[in-house]
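Colleague: sequence first, predicted coordinates after that:
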Amino acid sequence: MPPVQGQGWRGGSLCWARQGTGSFLVMLIISGVCIGICMCGLVGNVMVVWFLGFQMKKSPFTVYVLNLAIADFSLLLFLLVKLTFHFISTVYCIFSFQYRLTNYILMDLFLFWYFVSMYLLTAMSLERCLSVLFPIWYRCHRPKHLSGIMCGVLWALTGLFVSLVFISCYLPLHISCEQLVQGISIVNFLIFSLFPFLSNISLFIKLQCGSRRRHPGKLYVAVLLSVIFLFLFGFPFSVVIFLDPVYSNLFYLHISYLMASMNSSINPFIYFLVGSCRQRRFQGSMKVALRRVFKEKVVSEEESHVPEDTAVQTPL
C-alpha cells in the first residue's frame, strides 16, 4: 500500500482509457451515480444537523444522531471530492506525485469518516437495546453525559486507527500495513457490523414474539433500519480492504464506494419515512417527521416505568 505502488485501493491505478472504452464507461456510470447519491445525501444530512443542532433540545439519543449526521455529511463530501478528483485525473492520465499525495490524504480522510460513522451507529444501537431491555436500570444508573463522552471516545478511537494505518503504510516502520488493515477490518465486521445487526434483530423479534408483545416506537424502528442498512451497504467496503489491502480491481472498489455513499445517505430518509408514516400514510414535512421520531424518546422512557399491562403502547 505504499505510495510508490501508484495503484490499489489507496490511490488510483491505471488510466481508464488504457483499460478500454467499455471499462471507462462503466466507471463513468458508477462514479456519476455515486456523485448523485452523495449530493442527495449531503442535503439530507444538512437538514438533520440543522434541526437537531438548532431546532430541538438535546437528548442522549439526539447527541448520537447529530454526530452521526456530521460524520455522514463529511464522508459524502470527501467522497464527492475524491471521485471528482479521480475522474478528472484519470481522463487526462495525470498521475504525478502531487496527485498521488492528494489522493492518499483524501483516502485517509474518507476512512476516518467511514469508521466513525460505523462506530457511532453501533454505540447508538447498543444504548437503544439497553434502554429497552433494562429500562429502570438505564434510567437510574446511566451517566448524565454518557452520549457526549462516548462520541468523544469514538472520534478519538477512529483517529487512532487511521493514524496507525497511515504510519504503517507510508512511513518506514516495522509494521505490516496489510495485517493492520485486515485486523481493523475484522474488528469492524465483528464488533461494529455483525454484533449490532444481530443484537437489534434479536431484540426486535423478542419484542414482537414475546409473551407480552410490545410495539417498538418510531425511534426504535429508525435505529433498527439504520443498522440493517449499515450491514448491507457499509459492510462491502470492509470486505474489499480485507481481501486485499492493495486492491487493484477498480470495479469492485467503486462498487464499494457506491454502497458506502448509499449507507451514509439513507439515514435522513429513514427518519423522514418513519416519522411521517401515520396510519399507513405519509404525512407531514421533514421537520415534523424528525420531531415525531426524536421527541418520542422522552415518552418511551416515561412509559418504561409503567407496568406493561397498563402502559400505553406506542404505535409504529
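Modeller: Thanks, I have the structure now.

Colleague: next, the contact list for residue 74, please.
Modeller: 109, 113 (CB atoms under 8 Å, 6 or more residues apart in numbering). The way it works is simple: take the backbone N, C-alpha and C, and place the C-beta from them, glycine included.

Colleague: the helix or strand containing residue 81: what's the following helix or strand?
Modeller: Using DSSP states H and E, residue 81 maps to helix 60-91. The helix or strand immediately downstream of helix 60-91 is helix 97-133, counting by DSSP H and E.

Colleague: and the angle for that following helix with helix 60-91?
Modeller: On the basis of axes from the mean of the first three to the mean of the last three CA atoms, to 10 degrees, helix 97-133 is oriented at 160 degrees to helix 60-91.

Colleague: could you say what helices and strands helix 97-133 packs with?
Modeller: Packing partners of helix 97-133 (3 or more CB pairs under 8 Å, 6 or more residues apart in numbering; DSSP states H and E): helix 60-91, helix 135-141, helix 146-170, helix 177-189, helix 195-209, helix 218-229, helix 250-276.

Colleague: what sits against residue 272?
Modeller: Residue 272 is in contact with 286, 289-290, counting by CB under 8 Å, 6+ apart.

Colleague: ok, it to residue 221 distance?
Modeller: Distance from residue 272 to residue 221, counting by CB to CB, to the nearest Å: 13 Å.

Colleague: ditto for residue 118
Modeller: Taken as CB to CB, the span from residue 118 to residue 221 is 20 Å.

Colleague: between those two, who's got more neighbours?
Modeller: Just comparing residue 118 and residue 221: by other CB atoms under 10 Å the higher neighbour count belongs to residue 118, 25 against 19.

Colleague: contacts only, for the more buried one.
Modeller: Here residue 118 is in contact with 188, 192-193, 230, 234 (criterion: CB under 8 Å, 6+ apart).

Colleague: how about 6 Å then?
Modeller: Residue 118 is in contact with 192, 234, counting by CB atoms under 6 Å, 6 or more residues apart in numbering.

Colleague: which of the three states applies to residue 240?
Modeller: Assigned by DSSP: H, G, I helix; E, B strand; the rest coil, the conformation of residue 240 is helix.
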